[in-house]
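Undergrad: Sharing a model prediction with you, sequence too.
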Amino acid sequence: MKHKGFTVLEILVAISILALAVSIVAFSFSKLNSSQALDKSADLVISILDEARSLTLSSTEDSQYGVFFETSRVVLFRGATYSQPDPANVVTSLHALVGMRNITLSGFSERDFTELIVVKKIVGQYARRFSDTIPGFEALKVALTEEGHGTLAIHVHARMHNHDLLGEAQGHNLFVALDSALKRVDEELRKRHDQLTA
């Protein structure tokens, strides 16, 4: 008499395939959620900027209005300068998946558009990692200069707890030089963080 059923191996293969499918769906949903959060936050910031402009142009309460940006929130304020304790401030928090970073790129205007997209992605990933893992990270500036004979120089300037940290790299490949300079700054930021917490 022949028994019909599944072997342990068949069950394990089925469970593995199911787990893989669930992982792919979860990852895709996570990416979609992040993208939607960024779009909604961008629209929110634009509406706050428009509101500040409208209030200023209409001279509401005979005053001008401004917008102050923080890492995880945007503040609409009345007057020429921002004052944090002012109860009239309108504070709007951004989605938890979205944050603003102080990033400056210079010298990249002559680069190809597709190269610039990759540069922004690389710099953005480092800036996000710095702000997520290094308390006190304030700003990141990346400058590109051409040294001649096809040699590119990348100069990275990071700011942490009012201290400036520098990283430089040269090479013929833009992305390799950029990654190398950012890695040097990453090492310096972590050393500085360890010194401050020791």
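TA: Thanks, I have it.

Undergrad: Now do the helices in this protein.
TA: 8-57, 113-133, 174-197 (DSSP state H).

Undergrad: Now stretch 132-147: buried residues?
TA: 134, 137, 138, 139, 140, 141, 142, 143, 144 (16 or more other CB atoms under 10 Å). Yep, even glycine has a C-beta here, placed from its N, CA and C like the rest.

Undergrad: Does anything pack onto the longest strand seen in the chain? Which helices or strands?
TA: Assignment by DSSP state E gives strand 137-148 as the longest strand of the chain. Contacts defined by 3 or more CB pairs under 8 Å, 6 or more residues apart in numbering; DSSP states H and E place strand 137-148 against strand 103-106, helix 113-133, strand 151-160, helix 174-197.

Undergrad: Turn the buried residues of stretch 132-147 into CSV, including distance to residue 16 and pLDDT.
TA: Output for the buried residues of stretch 132-147, formatted as CSV (distance: CB to CB, whole Å; pLDDT from 0 to 100):
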residue, distance to residue 16, pLDDT
134, 38, 81
137, 40, 81
138, 46, 81
139, 46, 85
140, 42, 90
141, 47, 92
142, 43, 94
143, 49, 94
144, 46, 93
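
Undergrad: Domains in the chain, by residue range?
TA: 1-100, 103-197 (automatic domain parsing).

Undergrad: Could you single out the most deeply buried of those domains?
TA: By mean neighbour count, with neighbours taken as mean count of other CB atoms under 10 Å, domain 103-197 ranks first of the domains of the chain at a mean of 15.
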